[in-house]
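1. Next input, structure requested:
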Amino acid sequence: MTEPAPMIPDQRRERIVQALHRERVLSFRQLSDLAGVSQMTVRRDIAVLEEQGLVQATTGGAKLVSRLVLEPSRAEKATTEIAEKTAIARLAATRVRDTMTIYLDAGTTAQAMRPFLEHVRDLTVVTNDIATVQTFLDHPSADLISVGGRVDRTNLSTIGRLTRLTLAELSLDLAFISSSSWDLAHGVTTPVEAKIEAKRAAVEAAERAVLIADSSKYGRFAKYRALRLSEVAEVITDAGLPDNAADAIVASGVEVARA
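-> I've put the predicted structure just below:
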């Protein structure tokens, strides 16, 4: 029987982070067994993840860092939680109807909605995400509004005051908001202050706001709160969100759908 090919470093580190989301703390031996590599290799992986602000090395192992210090780059986001993001995007797209005006927040989860909106007619898509603009250029009927502002090269999006001023002039049916850190206690947070304005302006301009974020981001928080979770009507996430977390969110008055 052919042995499976070894994981590349990014795959291995993604698996480590996923395991820490489930267990919170793991020993180097446990991580070594999980990844199928030596403890020395695991220690190097943990050092990289620690530099990214995702985990913290402990005596004999590592634990998940709840506080998000640095937001991952667009390139990093594009290689993580792909199946979960696709499932979330597919479910989120079912909320969209013909002739709607929708806002797609910057991020790979919102961008992943594009294939599932192919047959929505007379759709108006508003976005501050440069990559999302590109994916909608060949949509058969969508009117596309690219929100201006200062360009965040790392995440291929526009942010800041000019972005907020543009969104304030629009009327949206739905705003799909993304986040790299969210939970019931802290809401939708970000380590980048300039990203707050776009999220708040989009929610204020929309009839209904929906948070689209995978469960690996739940329980994390950054220093700037963009929104309280109660400011969105619904959270669309994946099946990895624990039942107790989903129940608590529903009890707070926010709908939860797990793809």
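2. Now for Gly253, how many residues are close by?
-> For Gly253, the tally of surrounding residues (other C-beta atoms under 10 Å) stands at 9. C-betas here are computed from N, CA, C, even on glycine.
3. Show the contacting residues for it.
-> By C-beta atoms under 8 Å, 6 or more residues apart in numbering, the contact set of Gly253 is Ser230.
4. Am I right that it is in a helix?
-> No: per DSSP: H, G, I helix; E, B strand; the rest coil, Gly253 lies outside any helix segment and is coil.
5. Quick check: phi and psi at it.
-> The phi and psi values for Gly253, taken as degrees, to the nearest 10, are phi 100, psi 10.
6. And it, what's its pLDDT?
-> Here, the pLDDT recorded for Gly253 equals 97.
7. Distance of it relative to Ser230?
-> 6 Å (C-beta to C-beta, to the nearest Å).
8. quick one: the strands in the stretch 101-250 of the chain?
-> 101-104, 124-127, 143-146, 150-152, 157-159, 172-177, 182-183, 187-190, 206-212, 224-227, 234-237 (DSSP state E, counting those that start in this stretch).
9. got the end-to-end distance for stretch 100-108?
-> 21 Å (C-alpha to C-alpha, to the nearest Å).
10. Just the buried residues of whichever helix in the chain runs longest, please?
-> If you go by DSSP state H, the chain has its longest helix at helix 9-23. Within helix 9-23, the residues that qualify as buried are 12-21, counting by 16 or more other C-beta atoms under 10 Å.
11. now stretch 120-138
-> Taking 16+ other C-beta under 10 Å as the criterion, stretch 120-138 shows 120, 123-133, 135-136 as buried.
12. So which of the residues you listed are in helices?
-> 130-133, 135-136.
13. nearest to Leu49, of those residues?
-> Proximity of these to Leu49 was ranked by C-beta to C-beta; the top entry is Ala131 with 24.8 Å.
14. I'd assumed Leu156 was in contact with that closest one.
-> Yes: with contacts counted by C-beta atoms under 8 Å, Ala131 reaches Leu156, the gap being 4.9 Å.
15. overlap in contacts of these two?
-> Counting by C-beta under 8 Å, 6+ apart, the residues touching both Ala131 and Leu156 are Arg74.
16. and Ile46, what does it touch?
-> 16, 28, 31, 55, 57, 62.
17. between the residues you listed, which has the most around it?
-> Ranking these using other C-beta under 10 Å puts Ala62 first, with 27 neighbours.
18. number of nearby residues for the closest residue to Leu20 other than its chain neighbours?
-> Excluding the flanking residues, the one nearest Leu20 by C-beta to C-beta, 6 or more residues apart in numbering is Leu64, at 4.2 Å. By the criterion of other C-beta under 10 Å, Leu64 has 21 neighbours.
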